[in-house]
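K.L.:
missing the sequence, but the structure's below:
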């Protein structure tokens, strides 16, 4: 082995942690928190939009034509719409974050 | 699956503590690699290392088989190249290698300082290839994967980098083997 190889093979000087890992983990936790809050906020917003903007009466009428048995149950309509919107929002968010 | 693989799997499932162990285990070598890549700029090297770990955490579910450290090095090297382009730290292609000579080593035997000084004159690809294959003990295959280059290209970087180091250090006999 040549002198150059000997030097090249010497491992890199160890670098003491000195709080580096703690700083990284703080940023990791902050990033996780921010992502969770973003997801929660967007889902909440979607839910509010569904509750207040969807024309439930018209939905009931349309469902009444298609499924006469359950169309009158407004709770069913609401739950179904919330599930659909939440799933769509979650899928979009998963792509974004 | 080895211990590192298990920790990576836990981290992918959202276990931040497991990722913390991975950070502590790899920080020294990753920062050492980046310190050499940034020619001793400790602040920039640490910034890049932090960004590497953050990106690693975001993409941990994409880590499959193979060396976890190699996977981190791939992220680190690509971040370094982006930063070098942005800041115009140095020419990135081999054709633009720094041409001037380094003063010959003063003492009879070579020291690490001489080597570090000469390393700074290599292209980033040569510097990274030599560091991963020698100082960090990766196989050529692992290093090629980490630097996202074909195996032949990596071998050429190692060979040319080694030759150039010997010229820069003024001892042509050093690469006789």
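P.N.:
Right, received. Where do you want to start? Predicted model, so just to flag it, every value in this text is computed and none were measured.

K.L.:
can we go C-alpha only for contacts and neighbour counts from here?
P.N.:
Will do.

K.L.:
So which bits of chain A are right by chain B?
P.N.:
Residues of chain A found near chain B (Cα under 8 Å from any Cα of the partner chain) are A:1-4, A:7-17, A:20-21, A:24-25, A:27-29.

K.L.:
Please indicate which of those are buried?
P.N.:
For the residues of chain A next to chain B, burial is judged from neighbour counts taken by 16 or more other Cα atoms under 10 Å in any protein chain shown, and it is met by A:3, A:4, A:7, A:8, A:9, A:12, A:20, A:21, A:24, A:25, A:27, A:28.

K.L.:
Tabulate these (JSON lines), appending pLDDT and secondary structure.
P.N.:
Shown next, in JSON lines, are those (pLDDT from 0 to 100; DSSP: H, G, I helix; E, B strand; the rest coil):
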{"residue": "A:3", "pLDDT": "81", "secondary structure": "helix"}
{"residue": "A:4", "pLDDT": "84", "secondary structure": "helix"}
{"residue": "A:7", "pLDDT": "85", "secondary structure": "helix"}
{"residue": "A:8", "pLDDT": "87", "secondary structure": "helix"}
{"residue": "A:9", "pLDDT": "86", "secondary structure": "helix"}
{"residue": "A:12", "pLDDT": "82", "secondary structure": "coil"}
{"residue": "A:20", "pLDDT": "95", "secondary structure": "helix"}
{"residue": "A:21", "pLDDT": "95", "secondary structure": "helix"}
{"residue": "A:24", "pLDDT": "95", "secondary structure": "helix"}
{"residue": "A:25", "pLDDT": "95", "secondary structure": "helix"}
{"residue": "A:27", "pLDDT": "94", "secondary structure": "helix"}
{"residue": "A:28", "pLDDT": "92", "secondary structure": "helix"}
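
K.L.:
Just give me the closest of the residues you listed to residue A:50.
P.N.:
Within those, the smallest distance to residue A:50 is 33.0 Å, found for residue A:28 (Cα to Cα).

K.L.:
Test my guess that that closest one contacts residue B:57.
P.N.:
Yes: under the criterion of Cα atoms under 8 Å, residue A:28 makes contact with residue B:57 at 7.3 Å.

K.L.:
Show me which residues of the longest helix that chain B contains are buried.
P.N.:
Longest helix in chain B by number of residues (criterion: DSSP state H): helix B:16-37. Residues B:16, B:18-24, B:27-37 are the ones in helix B:16-37 that count as buried (16+ other Cα under 10 Å).

K.L.:
Same question for stretch B:134-147.
P.N.:
For stretch B:134-147, using 16+ other Cα under 10 Å, the buried residues are B:134, B:135, B:136, B:138, B:140, B:142, B:143, B:144, B:145, B:146, B:147.

K.L.:
So what's the gap between that stretch and the chain middle?
P.N.:
Remark: stretch B:134-147 is offset 9 Å from the chain centroid, using Cα atoms, centre = their mean, to the nearest Å.

K.L.:
List of residues touching it?
P.N.:
Contact with stretch B:134-147 is made by A:8-12, B:29, B:67, B:70-74, B:77-78, B:128-129, B:132-133, B:150-151, B:154-155, as judged by Cα atoms under 8 Å, 6 or more residues apart in numbering or on different chains.
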